[in-house]
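> from the sequence below, what's the structure:
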Amino acid sequence: MINNITEPSNNTKLLILGIYAFSLILFGFLVNTPLEILEGLQRIIASPDTLITDYIGIGNMGSALVNSGSLTLIVILIFYKLKPDINGFPIACLFTVAGFAFFGKNLFNVWLIILGVFLYAKNQKRDFKEVIYTALFGTALAPVMTEILFSTTSFLFTRILLAIIVSVTIGFFLVPVSANLLKVHEGFNLYNMGFTAGVVITIVVSLLKSYGIVPEPRLIWTTGNNLLLGSYLFLLFTSMILAGIYFERKPWDKLQCIWQSSGQLVTDFVVLTGFGAVLINMGINGFIVTLYILFIGGDLNGPTLGGVFTVVGFSALGKHPRNIIPIMGGVYLGTLNAEVNANDFSMQLAALFGTTLAPIAGKYGGLWGIIAGLIHSSAIQNVGGLHRGLNLYNNGFVAGVIAAILIPIIKTINERRR
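You can find the predicted model right below:
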């Protein structure tokens, strides 16, 4: 690791991340009353969560913000208890949870998946700290529980029992499955758990359908929030850059080190350069993706906030401006002569979450990044039926397939040229 001027301790890092989480709660109470937030949280918890369920539309903006901030603080407390090194993985994990807590993860539905991973660790006599990231990323499949509980008509006891069995079983097998599927795309899909969840849930959905449980995708998508949410995001990203400059007074060399890396899993920028430079990279990437949504006339809402926060989190674990911009450019190009527009909900999410393919641009150049993004913009429109909206990391699933096919092609072409 490049020597830092001031490298904060793990507890200091958690404190800073906790301040960001608390800012979500504070902002929530600024835009809605406590009663409105409580009522909104009740609606969020009692709602099915299949894609796309914008919690701002289910509850209200304040309840969605409080749900996100509260769940993020709980994860921070888990990290404080388990004491992992606060590097790229926990930061990426934390912001991913925060982002998806705006559209699919809530204070009620994530715990059975985590319990399943915990039981796996106990069964294998492993420290839970070793698999905590799999547990938290694995909450991509949290909608399974609420779908069984709230969208089926059998007896309540039967629904509760089935939800527990299915969710815990899924969590139990996520660790070995995800470890093996990482080899398929060679780390060129940063959302490996999205690929894993997509494969697992395709089988689970087939089993559920054979017993008469047919999950239904949703489309709850709010508009008109750009000024309010945009203002909050710009303040958040500005604070990240300023905090990064505080910890790293001369960050340019370290930013160059980040921006010259491929980002292929596992490239931990905190280990590589330190916390300060990573905070700056997070803030810059946050500005880039937020401005993209505003530029195309898109919507800042629960789902796109989820995308923005996930990009920011993975700016500690693989993403930087030089490898995400080609992917987003490819997705945008894919909308120019197609039946979709850049500001269609699916294409907004494709541009944000499609940056999971950023290592392709980082490793093989911007042209291949554009091609990957272009392919992603088409592929993402045709796979939702496989998992029926139960895999929140839908783009990660698609990206895993794209990377598995595209990387051998790129290698073959490059070898032939050499």
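
> remind me which residues of the stretch 201-350 of the chain are low pLDDT?
Within the stretch 201-350 of the chain, no stretch has pLDDT under 70.

> for this protein, longest helix please?
The longest helix of the chain (DSSP state H) is helix 156-185.

> buried ones in it?
By 16 or more other CB atoms under 10 Å, the buried positions in helix 156-185 come out as 159, 162-164, 166-168, 170-172, 174-175, 177-178, 181-182, 184-185. Where C-beta positions appear, they are placed from N, C-alpha and C, glycine not excepted.

> what's the answer for stretch 128-140, then?
128, 131, 132, 133, 134, 135, 136, 137, 138, 139, 140.

> any chance of JSON lines for the residues you listed, columns pLDDT and distance to residue 365?
As requested, those are exported to JSON lines (pLDDT from 0 to 100; distance: CB to CB, whole Å):
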{"residue": "128", "pLDDT": "96", "distance to residue 365": "40"}
{"residue": "131", "pLDDT": "97", "distance to residue 365": "35"}
{"residue": "132", "pLDDT": "97", "distance to residue 365": "35"}
{"residue": "133", "pLDDT": "97", "distance to residue 365": "30"}
{"residue": "134", "pLDDT": "97", "distance to residue 365": "32"}
{"residue": "135", "pLDDT": "97", "distance to residue 365": "36"}
{"residue": "136", "pLDDT": "97", "distance to residue 365": "33"}
{"residue": "137", "pLDDT": "97", "distance to residue 365": "29"}
{"residue": "138", "pLDDT": "97", "distance to residue 365": "33"}
{"residue": "139", "pLDDT": "97", "distance to residue 365": "34"}
{"residue": "140", "pLDDT": "96", "distance to residue 365": "30"}
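
> can I get the residues you listed in CSV with secondary structure and distance to residue 397?
Shown next, in CSV, are the buried residues of stretch 128-140 (DSSP: H, G, I helix; E, B strand; the rest coil; distance: CB to CB, whole Å):
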residue, secondary structure, distance to residue 397
128, helix, 26
131, coil, 21
132, helix, 22
133, helix, 18
134, helix, 16
135, helix, 19
136, helix, 18
137, helix, 13
138, helix, 13
139, helix, 15
140, helix, 9
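
> tell me the contacts of residue 370?
326, 327, 329, 330, 333, 361 (CB atoms under 8 Å, 6 or more residues apart in numbering).

> got the contact list for the residue nearest to it when sequence neighbours are not counted?
Spatially, and ignoring its direct neighbours in sequence, residue 370 is nearest to residue 330 (4.0 Å; CB to CB, 6 or more residues apart in numbering). Contacts for residue 330 (CB under 8 Å, 6+ apart) come out as 354, 369, 370, 371, 372, 373, 374, 375, 376, 377.

> and those residues as CSV, adding distance to residue 145 and pLDDT?
Formatted as CSV, the contacts of residue 330 follow (distance: CB to CB, whole Å; pLDDT from 0 to 100):
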residue, distance to residue 145, pLDDT
354, 27, 98
369, 36, 98
370, 39, 98
371, 38, 98
372, 33, 98
373, 33, 98
374, 36, 97
375, 33, 97
376, 29, 97
377, 31, 96
